[in-house]
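S.K.: sequence plus the predicted model coming up.
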Amino acid sequence: MKAYWNGKVIAESDKTKNVEGNHYFPAESVKKEFLKHSDTHTVCQWKGTASYYDVVIDGQVNKDAAWYYPDPSEKASPIKNYIAFWRGVKVE
């Protein structure tokens with residue numbers, strides 16, 4: 001699987017985990033130079049509190065386009081240290 005936006009590959013892995021239709025990439029497969037920490041947090045009833053990254057490529061910012069669960073619930077523990085994408089980031 002590859003995640004890309006604005007003409008650049010952000011993440012690539014054959015070890016993604018599919019949860020609720022979203023591919024979560026292992027953190028080590030994500031190019032951190034394209035991510036900037038966001039102050040946004042949301043709560044999922046069964047996964048826990050999500051934290052977000054802005055995806056920044058060539059000066060363009062895709063606000064909160066990546067998310068992860070730094071301390072997921074026990075049920076969601078398999079996606080700890082995994083990052084997922086949305087908001088126009090293509091995952092194929």
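M.R.: Looks like it came in fine.

S.K.: near the closest residue to residue 58 other than its chain neighbours, how many other residues are there?
M.R.: Excluding the flanking residues, the one nearest residue 58 by C-beta to C-beta, 6 or more residues apart in numbering is residue 6, at 6.2 Å. Bear in mind the C-beta positions are built from the backbone N, C-alpha and C, glycine included. By the other C-beta atoms under 10 Å criterion, the neighbourhood of residue 6 contains 15 residues.

S.K.: thought residue 6 was touching residue 57?
M.R.: Yes. The pair residue 6 / residue 57 is scored as a contact, 4.2 Å apart, by C-beta atoms under 8 Å.

S.K.: what's the span of stretch 13-24 from first residue to last?
M.R.: 10 Å (C-alpha to C-alpha, to the nearest Å).

S.K.: so how far is it from its chain's centroid?
M.R.: Here stretch 13-24 shows a centroid-to-chain-centroid distance of 10 Å under the convention C-alpha atoms, centre = their mean, to the nearest Å.

S.K.: before we move on, back to that, which residues touch the residue nearest to residue 58?
M.R.: 57, 58, 60, 62 (C-beta atoms under 8 Å, 6 or more residues apart in numbering).

S.K.: now these as CSV including neighbour count?
M.R.: Below are these laid out as CSV (neighbours: other C-beta atoms under 10 Å):
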residue, neighbour count
57, 16
58, 8
60, 9
62, 20
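
S.K.: tell me the two of those residues that are most distant?
M.R.: Of all pairs drawn from the contacts of residue 6, the greatest distance, 11.3 Å, lies between 58 and 62 (C-beta to C-beta).

S.K.: work out for me the element residue 10 sits within.
M.R.: strand 8-12 (DSSP states H and E).

S.K.: can you tell me what sits against whichever helix or strand comes after that strand?
M.R.: Note on strand 8-12: by DSSP H and E, the next helix or strand toward the C-terminus is strand 17-19. For strand 17-19, contacts defined as C-beta under 8 Å, 6+ apart pick out 23, 24, 47, 76, 78, 79, 82, 84.

S.K.: phi first, then psi, for the third one.
M.R.: Put plainly, it is residue 47. Residue 47 has phi and psi values of phi -100, psi -30 when expressed as degrees, to the nearest 10.
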